[in-house]
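*Asks:* would you be able to build a 3D model of this:
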Amino acid sequence: MIDAHAHLWLKQDGRVDGLPVYHIGGGLAQFGAVQKQMMPAYMDDGVNSAERFLANMNFAQVAGAAITQEYIDGNQDDYLRQVRSRYPDRIRVCSLYQEAPLQYDSLWMDGVKLCAGRFADQDMTHHEQAFAFAQQTGRYLSVDLADGDLQTASMREMIQQYPGVKIAIGHFGMATTRGWQEQIRLAQSPNVYVESGGITWLYNAEYYPYPSAVRAIREAAGICGMHKLMWGSDYPRTMTAITYRMSWDFVDKSPELTPEEKQMFLHGNAVAFYGFDHLPEMPYVHHMAE
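*Replies:* Numbering: from 1, shown residues only. This is a model prediction of the structure:
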């Protein structure tokens, strides 16, 4: 498996709605005006490290992962630069675009993350510099759009202007919101894919094995083709409700998808998009409950 949407940080130092986000102990975070369990409780020091993630990946038979970013975690560029250097065969990383001129001292990142749904200016045509940078440097864009179709028109305009830039639309188009299919339709363009990071969060009220999430995957495949869809976990946030393995095996166990479709969704499409070429074999590890 390849995870197309995960997060890492040594220290959470972000903002939401203009208020701070920071760890307060036991995986609990001050999330603006409220407190939320942002990590599994056993991450009691607030450290969401690459080494902890790789241990989860190894146990869950996940060979590679693409690390994205979010304003609510704070800019993690410095740490992710180190992670990419340490684990080049298994990890891809994004730098964080923050609605300011892009300035990089080296091209250490594989892609650029656009938290578009949180932009102060949500017109995607006003963020052309990120698309131009990706085209000039051969990097991909990871884009989380606002709910439904609020940004799809301006996003489609940028896709048409930059047809050579690889783009991954995140959070499966916010599949539980009205108009989500318009985000999936963006992937009808050859250079655009969709990843499912957070889909177990979107369907959390239904819970495992998420039959409605599988139906959403089937519907999306009917819109843009299964070859454009990639699995993502949204680790570690979704691990407050399920195990890491559960974030993908509900797809693997579903009778609604063929073996070929599962292979594309869980592995093949992400290999093509992120350019993994030295992934290790991931043997099954027996656990103590067996």
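*Asks:* quick one: the helices in the stretch 51-200 of the chain, in order.
*Replies:* Under the criterion DSSP state H, counting those that start in this stretch, the stretch 51-200 of the chain contains helices at 77-86, 128-137, 152-161, 180-185, 199-202.
*Asks:* excluding covalently adjacent residues, which one is nearest to P209?
*Replies:* F250 (4.2 Å; Cβ to Cβ, 6 or more residues apart in numbering). Any C-beta I mention is one placed from the backbone N, CA and C, and that applies to glycine too.
*Asks:* next one: H171
*Replies:* Per Cβ to Cβ, 6+ apart, closest to H171 is G198, 4.6 Å.
*Asks:* next one: the one you found from A134, what distance?
*Replies:* Per Cβ to Cβ, to the nearest Å, G198 is found 23 Å from A134.
*Asks:* again, but for M282
*Replies:* Plainly put, M282 is 30 Å away from A134 if you go by Cβ to Cβ.
*Asks:* give me the low-pLDDT residue ranges for the stretch 1-150 of the chain?
*Replies:* Across the stretch 1-150 of the chain, the ranges flagged by pLDDT under 70 are 104-105.
*Asks:* try it again with 50
*Replies:* Within the stretch 1-150 of the chain, the set of residues satisfying pLDDT under 50 is empty.
*Asks:* cool, the stretch 151-290 of the chain as well?
*Replies:* Across the stretch 151-290 of the chain, nothing is flagged by pLDDT under 50.
*Asks:* in it, which spans are strands?
*Replies:* 167-169, 192-195, 229-230 (DSSP state E, counting those that start in this stretch).
*Asks:* can you give the strand pairings for the longest one, parallel or anti for each?
*Replies:* Which is strand 192-195. If you go by DSSP bridges, strand 192-195 pairs up with strand 167-169 (parallel), strand 229-230 (parallel).
*Asks:* quick one: contacts for the closest residue to Q37 other than its chain neighbours?
*Replies:* Of all residues not flanking Q37 in the chain, T240 sits nearest, at 4.8 Å (Cβ to Cβ, 6+ apart). Listed by Cβ atoms under 8 Å, 6 or more residues apart in numbering, the contact partners of T240 are 27, 37-40.
*Asks:* for those, work out which two are farthest apart.
*Replies:* M38 and P40 (9.4 Å; Cβ to Cβ).
*Asks:* more neighbours, the two?
*Replies:* The neighbour comparison of M38 against P40 (other Cβ atoms under 10 Å) goes to M38, with 25 against 21.
*Asks:* distance check, that one against Y22.
*Replies:* Distance of M38 to Y22, given as Cβ to Cβ: 10 Å.
*Asks:* so what sits against both of these two?
*Replies:* Joint contacts of M38 and Y22 (Cβ under 8 Å, 6+ apart) are 12, 29.
*Asks:* mean neighbour count added to the strands paired with strand 192-195, as TSV?
*Replies:* Converted to TSV, the strands paired with strand 192-195 look like this (neighbours: other Cβ atoms under 10 Å):
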stretch	mean neighbour count
strand 167-169	26
strand 229-230	27
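*Asks:* can you put those strands in CSV and add distance to M158?
*Replies:* Converted to CSV, the strands paired with strand 192-195 look like this (distance: least, Cβ to Cβ, whole Å):
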stretch, distance to M158
strand 167-169, 9
strand 229-230, 20
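*Asks:* identify the bridge partners of V34.
*Replies:* F31.
*Asks:* T177 against A146, yeah?
*Replies:* No. Applying Cβ atoms under 8 Å as the test, T177 and A146 come out as separate, 9.3 Å apart.
*Asks:* the residue nearest to Q37 and L150: what is the separation?
*Replies:* In terms of Cβ to Cβ, T240 sits 27 Å off from L150.
*Asks:* residues contacting G46?
*Replies:* 11-12, 23, 25, 27, 29, 39.
*Asks:* contacting residues around the spatially closest residue to N269 that is not a sequence neighbour?
*Replies:* Nearest residue to N269 in three dimensions, chain neighbours excluded: M230, at 4.9 Å (Cβ to Cβ, 6+ apart). Contacts for M230 (Cβ under 8 Å, 6+ apart) come out as 2, 4, 168, 193-196, 265, 269-270, 273.
*Asks:* now do 7 Å
*Replies:* Contacts for M230 (Cβ atoms under 7 Å, 6 or more residues apart in numbering) come out as 4, 193, 195-196, 265, 269-270, 273.
*Asks:* ok, Q135 next?
*Replies:* Q135 neighbours (Cβ under 7 Å, 6+ apart): 162, 164-165.
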